[in-house]
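Visitor: The sequence isn't on hand, but the structure is:
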């Protein structure tokens, strides 16, 4: 009997230890998923500084999320997101889909860089569209990596996602005066994945990045008013595609 009790005690200890390990590793797992899926969707490296998830409180935060520039642009990030706050529906954590009540992204920063043939944001948007096309007519995204077991892939429903207080900065190297900032219009998405029984992490990343990139492109049209006659300077100083690109962007 004593041996049985000792065996049971060891088993319980192992189970508890495994549970604690999984919970303590949750932040690392979420960080990896964001980086893997984000990089897959955008076609460039996505990095996350820190993730903190509290299942007991149903809250979480993500900081230091950056989206790298495509080849041919500066080494600075194309997109930097401010603090990201999450509010989870704790009652859904053991279910599928998992419901996220709210995601708020504060003060994102987009560096809009011009080069021959277009901008860095154009390039990222093309990558997102190419990723979408690969998913087929049904728009079903494959997970970044297949689960180790044949378990059903976890889906998400995000009731509200808001990106607020953002800025877009124009940078066109070698062109005097070709710089300025514009406000990024607030982005609010609701009920992501609700109608389809949940969205995969790749589908969520795709939708958010597409909205963010589209918003940056729309904000960039205001640079024509901000920078006056820079378009003509660009054409004169940078002949060819790059000059035409800046001139066309600025509406001059």
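Guide: Thanks, I have the structure now. Remember, it's a predicted structure, so these values are computed and weren't measured experimentally.
Visitor: name the helices or strands packed onto the host helix or strand of residue 183?
Guide: Using DSSP states H and E, residue 183 sits in strand 179-184. Counting contacts by 3 or more C-beta pairs under 8 Å, 6 or more residues apart in numbering; DSSP states H and E, strand 179-184 is packed against strand 166-171, helix 201-220, helix 223-227. Any C-beta I mention is one placed from the backbone N, CA and C, and that applies to glycine too.
Visitor: can you tell which of those is closest to residue 76?
Guide: Counting by C-beta to C-beta, residue 76 lies closest to strand 166-171 out of the helices and strands packed on strand 179-184; the figure is 8.7 Å.
Visitor: Which positions within that closest one qualify as buried?
Guide: 166, 168, 170, 171 (16 or more other C-beta atoms under 10 Å).
Visitor: what about the helices in this structure?
Guide: All helices of the chain, identified by DSSP state H, fall at 2-24, 26-42, 120-134, 201-220, 223-227, 230-237, 241-250.
Visitor: average pLDDT across the shortest one?
Guide: Confidence over helix 223-227 (mean pLDDT, whole number) is 52.
Visitor: One more: the last one?
Guide: Taken as a whole, helix 241-250 carries a mean pLDDT of 44.
Visitor: which residues touch residue 210?
Guide: Listed by C-beta atoms under 8 Å, 6 or more residues apart in numbering, the contact partners of residue 210 are 125, 128, 132.
Visitor: Can you tell me which of the helices and strands packed on strand 179-184 is nearest to residue 158?
Guide: Nearest to residue 158, of the helices and strands packed on strand 179-184 and by C-beta to C-beta, is helix 201-220 at 6.7 Å.
Visitor: quick one, that closest one and helix 120-134 angle?
Guide: Orientation check (axes from the mean of the first three to the mean of the last three C-alpha atoms, to 10 degrees): helix 201-220 against helix 120-134 gives 150 degrees.
Visitor: low-scoring pLDDT stretches of the chain, where are they?
Guide: Where the chain drops to pLDDT under 70, the residues are 1-24, 135-152, 172-179, 222-252.
Visitor: change it to 80
Guide: Applying pLDDT under 80 to the chain picks out residues 1-26, 115-118, 132, 135-153, 171-180, 202, 209, 217, 219-252.
Visitor: And for stretch 69-76, what's in contact with it?
Guide: Residues from elsewhere that reach stretch 69-76, judged by C-beta under 8 Å, 6+ apart: 43-44, 77-78, 111, 113, 115, 120, 123-124, 127, 171, 173.
Visitor: Kindly recompute the last result at 10 Å.
Guide: Outside of stretch 69-76, the residues within contact range by C-beta atoms under 10 Å, 6 or more residues apart in numbering are 42-45, 66, 68, 77-79, 111, 113-124, 126-127, 171, 173.
Visitor: can you pull the buried residues of it?
Guide: 69, 70, 73.
Visitor: Now those residues in TSV, please, with extra columns for distance to residue 92.
Guide: Listed next are the buried residues of stretch 69-76 as TSV, based on distance: C-beta to C-beta, whole Å:
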residue	distance to residue 92
69	37
70	37
73	40
